[in-house]
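*Asks:* just a sequence and a predicted model for now, questions to come.
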Amino acid sequence: MTEAYLAPEDAAALLRWYVDHGIDETIGEEPIDRFAIPPPAAVAATQAPSPARPAAPTPIRAPVAAAPRPPVPLESPQLVEDARALAEGCNTIAELEAAVGAFEGCALKRTAKNTVFADGTPDARVMVVGEAPGADEDRIGKPFVGVSGQLMDRMMAAIGLTREGGFYITNILFWRPPGNRTPTLAEQAMCLAFTRRHIELVRPKVLVLAGGVSAKAVLDTTEGIMRLRGKWAGYRLADGTEIPTMPTFHPAYLLRTPASKRQSWQDLLAIDKKLKEVG
Ligand code: URA
């Protein structure tokens, strides 16, 4: 049989294509079509020994098929409902962190190295919600620890807030999307169920939404960050309390577009003023 080899330039083009589509890590020797793997109930039915035949030896299966998985298709609305029910059952931040860590419904978890939950002190007056962990956050398991996190820390420090007592920080997504692609709406919806509960449990005096993905998801709007930033919005908790909420540019955007730092500085001053007003 003749083996087919790719010319080096074709192999390079194929690799580029993979990276452009978010496939930037090797996690197995062979590709697995996860959509073709039958749900656990169907697997059990096909493996049940018939009375006439001795049980066949357990076949070696891909790890994902052996792991328990909810018997619903990937990205199903049922998973969002599951996430919401789990989140609502959590009465402390520690319980919520454990529930997020145990949640298997979001496919992003399978390619991520770590679950990235939050950093800072939960009793801080300001809660910042970003988009999703990047490569550094995925490796370390904490939000905003890469270059954009360092800029975020410097910005908050300019109004006297640090992670040690001034602000608490999390993301909409708890797992890094491969290749840092924009999270799908289904991935956002699943994680958002936990993030909404997170906001309820923290009850910050001021909520800061860093970037368009976070602002649109939390405020449930289709308006872009260019229109939203710099204007106070209200985030209503279950008991009717309105948390003053400031959508602002994501630090990664500021690193690419330093001229916008002037507007971010206005946002920071507005946050500082609001904190003085709310006491
Ligand atoms: N960008 C985010 O939105 N969150 C992080 O944790 C890191 C970068």
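*Replies:* Received the coordinates, thanks. Residues are numbered from 1 along each chain as shown.

*Asks:* where do the strands sit along this structure?
*Replies:* In the chain, the strands defined using DSSP state E lie at 118-120, 126-130, 167-171, 206-210, 233-236, 242-248.

*Asks:* off-centre distance for stretch 194-206?
*Replies:* In terms of CA atoms, centre = their mean, to the nearest Å, the centre of stretch 194-206 is set 15 Å apart from its chain centre.

*Asks:* what's near enough to touch the closest residue in space to G146 that isn't next to it in sequence?
*Replies:* Closest residue in space to G146, ignoring its immediate chain neighbours: D136 at 3.5 Å, by CB to CB, 6 or more residues apart in numbering. The way it works is simple: take the backbone N, C-alpha and C, and place the C-beta from them, glycine included. Counting by CB atoms under 8 Å, 6 or more residues apart in numbering, D136 makes contact with 145-146, 149.

*Asks:* among the residues you listed, which one has the most neighbours?
*Replies:* Ranked by the number of neighbours (other CB atoms under 10 Å), the contacts of D136 place G149 first, at 22 neighbours.

*Asks:* distance of the residue nearest to G146 relative to the ligand?
*Replies:* D136 sits 7 Å away from the ligand, going by CB to the nearest ligand atom, to the nearest Å.

*Asks:* now swap in R176 and tell me
*Replies:* Relative to the ligand, R176 is positioned 9 Å away (CB to the nearest ligand atom).

*Asks:* do I have it right that that residue meets L108?
*Replies:* Yes. R176 lies in contact with L108 (CB atoms under 8 Å); the separation is 7.0 Å.

*Asks:* higher neighbour count, those two?
*Replies:* Neighbour count, other CB under 10 Å: between R176 and L108, R176 has more, with 26 against 20.

*Asks:* just give the nearest non-adjacent residue to that one, would you?
*Replies:* The shortest distance from R176 to any non-neighbouring residue, by CB to CB, 6+ apart, is to D138 (3.9 Å).

*Asks:* close enough to count as contact, that neighbour and K109?
*Replies:* No. Using CB under 8 Å, D138 is not in contact with K109, being 11.1 Å away.

*Asks:* quick one on the thing from earlier: in TSV, list the contacts of D136 along with distance to the ligand and pLDDT.
*Replies:* Listed next are the contacts of D136 as TSV, based on distance: CB to the nearest ligand atom, whole Å; pLDDT from 0 to 100:
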residue	distance to the ligand	pLDDT
V145	7	98
G146	6	97
G149	6	98
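
*Asks:* for this structure, which residue gets nearest to the ligand?
*Replies:* G130 (3.0 Å; CB to the nearest ligand atom).

*Asks:* what's the burial count for that residue?
*Replies:* G130: 27 neighbours (other CB under 10 Å).

*Asks:* for it, give me its contacts.
*Replies:* G130 is in contact with 143-144, 152, 169-172, 210-211, 214, 250, counting by CB under 8 Å, 6+ apart.

*Asks:* biggest separation within the residues you listed, which pair?
*Replies:* Greatest spacing in the contacts of G130, by CB to CB: M152 and I172 (15.2 Å).

*Asks:* show me where the chain has helices.
*Replies:* 8-20, 40-47, 63-66, 77-88, 93-102, 108-111, 135-140, 147-157, 185-202, 212-219, 225-228, 251-256, 261-278 (DSSP state H).
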